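Q: One predicted model, sequence on top.
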Amino acid sequence: MSDVHRIRPRAYVHRHKLHKKHFKCQGPNEVVLVWQKLQALFEPSQCRPRGLFREKPHITCDIFFSGDDVINYAATEGFGLTMTCRRDRLPAGIPRKYLCKEKTAVDKRSWAARWMHPIFVLKEHQSGALIQLTTFQSTSSCNLVHVNGVNSNPLCANSKERGKGDHKRHWVIEMNESRRLHLDSYGRIDSIDHLIKNCSMYYR
């Protein structure tokens, strides 16, 4: 786990099978282990007059870590969570016909569907936290799940540009608040892995 705008790891766990099992699936179990390691950063220490975090952080995870177990855990613990949702770990109790479960072919219909308003589902957890599910049309199945992430999810367009001078190109892509939060906060760990790979360093 690292800060969004810095290459500074805050907590990590080694991937092996000897960890304490909170959940059956490995990904959600690792989220719990990392969250437990973060507890020490909430309290003052000898070198810190106050905790590192003033409030519980919002965590963005990969699709590997998704599932109802970790969503309910985050809602109970009171920290924010954003993650892509695996097709075999879609939230229980919602008919599958309302969610993006199958991959969609790339054709005129799927391209036009990008500009339709996304399906946005809200559920209040017994702890008072809000669980949000976003399903939006794209060229593949894509579901995003949040805990205390977004309150509304309007559709909009983001402008993009590439190139210089006469070769500069401009275009727009479909966007909504759920997807924007995910894209703005995901990818730092991948950047760290890429930098380590460029340095030809071995670590474990």
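A: Yep, that arrived. Residues are numbered from 1 along each chain as shown.
Q: residues touching Gln39, list them.
A: Not one residue lies near Gln39 by Cβ atoms under 8 Å, 6 or more residues apart in numbering. Every C-beta, even on glycine, is put in place using the N, C-alpha and C of the backbone.
Q: Offset the numbering so it begins at 38, please.
A: Taking 38 as the first residue, the last one we looked at is Gln76.
Q: A strand includes it, no?
A: No: according to DSSP: H, G, I helix; E, B strand; the rest coil, Gln76 belongs to no strand; its state is helix.
Q: Roughly how far does it sit from Glu114?
A: In this view, Gln76 and Glu114 are 10 Å apart by Cβ to Cβ, to the nearest Å.
Q: next one: Phe90
A: 13 Å.
Q: any idea of the pLDDT on Lys93?
A: If you check Lys93, the pLDDT there is 88.
Q: And Glu114, by the same measure?
A: 93.
Q: what about Phe90 and Glu114, which has more around it?
A: Glu114 (16 against 12; other Cβ atoms under 10 Å).
Q: Identify the residues contacting that one.
A: With contacts defined as Cβ under 8 Å, 6+ apart, the neighbours of Glu114 are 72, 93.
Q: how about a cut-off of 7 Å?
A: Trp72 (Cβ atoms under 7 Å, 6 or more residues apart in numbering).
Q: Now do Val209, the pLDDT please.
A: Value for Val209, per-residue pLDDT: 87.
Q: ok, how many other residues are close to it?
A: 11.
Q: Equivalent analysis for Arg47, please.
A: If we define neighbours as other Cβ under 10 Å, then Arg47 has 15 of them.
Q: Contacts only, for it.
A: 38-40, 75, 78.
Q: how about 6 Å then?
A: Met38 (Cβ atoms under 6 Å, 6 or more residues apart in numbering).
Q: can you give me how far the helix or strand containing Ser228 is from the chain middle?
A: Using DSSP states H and E, Ser228 sits in helix 225-235. Centroid displacement of helix 225-235 relative to its chain, using Cα atoms, centre = their mean, to the nearest Å, is 18 Å.
Q: Against which helices or strands is it packed?
A: The helices and strands touching helix 225-235, judged by 3 or more Cβ pairs under 6 Å, 6 or more residues apart in numbering; DSSP states H and E, number zero.
Q: okay but Thr141 is in contact with Trp148, surely?
A: No: at 10.1 Å, Thr141 does not count as touching Trp148 under the criterion of Cβ atoms under 6 Å.
Q: by contact count, what packs against the one helix or strand in the chain whose mean pLDDT sits lowest?
A: Among the helices and strands of the chain, helix 145-150 carries the lowest confidence by mean pLDDT, DSSP states H and E, at a mean of 80. Applying 3+ Cβ pairs under 6 Å, 6+ apart, one finds that helix 145-150 contacts no other helix or strand.
Q: I'd like the next helix or strand past it.
A: That would be, after helix 145-150 and using DSSP H and E, strand 156-161.
Q: For His231, see how far away the nearest residue to Leu232 once chain neighbours are set aside is.
A: Take Leu232 and drop its neighbours on the chain: the residue closest to it by Cβ to Cβ, 6 or more residues apart in numbering is Ile44, 7.0 Å away. Counting by Cβ to Cβ, the gap from Ile44 to His231 is 10 Å.
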